[in-house]
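Participant: fold the following for me, if possible:
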Amino acid sequence: MKSIESLQLKKFEIPEWNYLVEESKSVFHLTESESERLYESKTARIIAAIPFAAGCKDAERTAILHLCAYIAELKGFQKFCSHLPSDDESIYKRLDMISHFNGGDKQVIEHGMDMLALIMLKGYKASQEADAQNGIYNPLNSGAWDYEAAEKLLEAKIKNHHNFILDGIFYNPLAERGW
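Facilitator: Residues are numbered from 1 along each chain as shown. Alright, predicted model coming up:
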């Protein structure tokens, strides 16, 4: 399973991706399964790729910091990182911690953040029923966000801008799995 898919995923490899995953595995004590999911994760790859694709200063450091914030939310801190009603003001509010860059092409950064917002929105859609059953706040269930309108807006914004690196990750069907 991994050999052909990994080779195809490497077509859109960001600098030091293997290193970033291995260090994350060590720092966050990821299991082999979690490490593999991180390696294949479209979301994690986009998070790490944005500073490189945008030509930001200190792209490596930015990628590391943003990945650490993302993984920390996945591995714990749900009490503080889960969606709250105060996050409803903008679809980008929950992405704020990973939206700070040192220089770089603002249009490329916006393109990447739009991709992450759409991935997040689709995640809320996928978990809508389970969230309702488990009493977990979801902006789609509360009516704060209109899924169809937000999806249409984000898809239009993504289609209006192009970046080979980010588009290669976002549209790669092999990067669908993972966190």
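Participant: which residue of the protein sits farthest from its center?
Facilitator: Farthest-out residue of the chain from its mean C-alpha position, per CA atoms, centre = their mean: residue 133, at 25.4 Å.
Participant: just checking, what packs against the helix or strand containing it?
Facilitator: Assigned by DSSP states H and E, residue 133 belongs to helix 128-134. Counting contacts by 3 or more CB pairs under 8 Å, 6 or more residues apart in numbering; DSSP states H and E, helix 128-134 packs against helix 139-142. Where you see a C-beta, it was placed from the backbone N, CA and C, and this is true even at glycine.
Participant: point out where this structure drops to low pLDDT.
Facilitator: 1-13, 173-179 (pLDDT under 70).
Participant: quick one: the helices in it, in order.
Facilitator: For the chain, applying DSSP state H gives helices covering 2-9, 17-27, 32-40, 42-53, 59-75, 78-81, 106-126, 128-134, 139-142, 147-160, 164-170.
Participant: and the closest residue to residue 112 other than its chain neighbours, how far from residue 20?
Facilitator: Leaving out its chain neighbours, the residue that sits closest to residue 112 by CB to CB, 6 or more residues apart in numbering is residue 50, at 3.8 Å. Residue 50 is 13 Å from residue 20, where distance means CB to CB, to the nearest Å.
Participant: state the distance from the residue farthest from the centre of the chain to residue 84.
Facilitator: 19 Å.
Participant: then residue 14?
Facilitator: Residue 14 is 31 Å from residue 84, by CB to CB.
Participant: so which of these two has more stuff around it?
Facilitator: Each of residue 14 and residue 84 has its neighbours counted (other CB atoms under 10 Å); residue 14 has more, 22 against 12.
Participant: chain neighbours aside, what residue packs nearest to that one?
Facilitator: That would be residue 49: by CB to CB, 6+ apart, it lies 4.5 Å from residue 14.
Participant: surely the one you found meets residue 112?
Facilitator: Yes - assessed by CB atoms under 8 Å, residue 49 is found in contact with residue 112 at 7.2 Å.
Participant: common neighbours of the two, please.
Facilitator: Counting by CB atoms under 8 Å, 6 or more residues apart in numbering, the contacts common to residue 49 and residue 112 are residue 166.
Participant: okay, the helices of the chain in a markdown table with distance to residue 94 next?
Facilitator: Formatted as a markdown table, the helices of the chain follow (distance: least, CB to CB, whole Å):
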| stretch | distance to residue 94 |
| --- | --- |
| helix 2-9 | 26 |
| helix 17-27 | 20 |
| helix 32-40 | 19 |
| helix 42-53 | 12 |
| helix 59-75 | 9 |
| helix 78-81 | 8 |
| helix 106-126 | 7 |
| helix 128-134 | 15 |
| helix 139-142 | 10 |
| helix 147-160 | 13 |
| helix 164-170 | 19 |
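Participant: please consider this matter closed, and thank you.
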